[in-house]
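>>> fold the following.
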Amino acid sequence: MKQRRTIVGVAVFFTVCLIIYAFLGGLKEVQLSVVPEKIYHMVGTRFSGKIESDKLKKLFMDAKQLVEGNEIEGTLAIMYFKDAVDNTDSIECFTGILLKGEPEEIPAGMEYEFFSSNGAVKARFDGHRLVTPNPAEIKGKVNQYAKQNHLVLQPLFVEKYFSNNAIEVDYLLD
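The predicted structure is shown next:
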């Protein structure tokens, strides 16, 4: 009798966990598509250093605060020039806000940059950040998609953060 209750309890627990996982978006796939040539207008700050750096976290949070406080209309984003292989590696990026066009004014301590591309492979995931696939998994799917479609990727990519429930990454085409 006790063993039966334990089995039922474990089954109920795993069922509840699966339902929560699905509710958060864990069963959703990364959506891949090709977008036409594009110019990325950004205000932010260049960063070169360790991915786990407090300075990078502060730059990201400062930009997030500007977007959430409606001080700048745009999307929180990071343009990566050099990707980190793991958490101990260094990166080169531009952290800030992706704009719809050229900025009317540039916030103090930030600079304006624009980047053009011949198009991009867009990877989008709509699900809570707790169940978002890891960057290596997303990049693997993008590389496979690019190979199947005879596309050549640049080492540059842009991560766009729309909310806790959506992330989009543009891997720029050569």
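
>>> might one say that residue 35 is in contact with residue 118?
No - distance between residue 35 and residue 118: 10.6 Å, which falls outside the contact criterion (C-beta atoms under 8 Å). The C-beta positions use only the backbone N, C-alpha and C, and glycine is treated the same way.

>>> how about residue 76, secondary structure?
When classified by DSSP: H, G, I helix; E, B strand; the rest coil, residue 76 comes out as strand.

>>> what is the burial count for it?
For residue 76, the neighbour count with other C-beta atoms under 10 Å is 23.

>>> now it: closest residue in space that isn't a chain neighbour?
Counting by C-beta to C-beta, 6 or more residues apart in numbering, residue 161 is the residue found nearest to residue 76 once chain neighbours are left out, at 4.4 Å.

>>> partner strands of the lengthiest strand in the chain, parallel or antiparallel?
Using DSSP state E to define each element, the chain has its longest strand at strand 38-50. Each strand paired with strand 38-50, and its direction, by DSSP bridges: strand 90-99 (antiparallel), strand 111-117 (antiparallel).

>>> comparing the ones you listed, which comes out most buried?
Sort those by mean neighbour count, taking mean count of other C-beta atoms under 10 Å, and strand 90-99 sits at the top with a mean of 21.

>>> sorry, back to before: how about the longest strand of the chain, which residues are buried there?
By neighbour count with 16 or more other C-beta atoms under 10 Å, strand 38-50 contains the buried residues 38, 40-45, 47.

>>> closest to residue 150 out of those residues?
Ranked by distance to residue 150 (C-beta to C-beta), the buried residues of strand 38-50 are led by residue 38 at 19.9 Å.

>>> and the closest residue to the closest one other than its chain neighbours, what does it touch?
Setting aside the residues directly before and after it, residue 38 is nearest to residue 117 in space (C-beta to C-beta, 6+ apart), at 5.5 Å. Going by C-beta atoms under 8 Å, 6 or more residues apart in numbering, residue 117 touches 37-40, 154, 156, 170, 172-173.

>>> could I get the full set of helices for this structure?
If DSSP state H is used as the criterion, the helices of the chain fall at 2-23, 54-68, 135-148.

>>> the longest one - what's its average pLDDT?
The average of the pLDDT scores along helix 2-23 is 66.

>>> same check, this time on the last one
When pLDDT is averaged over helix 135-148, the result is 87.

>>> and for stretch 41-60?
Per-residue pLDDT values over stretch 41-60 give a mean of 90.

>>> go on, stretch 117-127?
For stretch 117-127, mean pLDDT rounds to 86.

>>> can you start the count at 117 instead of 1 from here on
OK, 117 is where the count begins now, so the last one is stretch 233-243.

>>> got the buried residues for that stretch?
Within stretch 233-243, the residues that count as buried by 16+ other C-beta under 10 Å are 233, 235-243.
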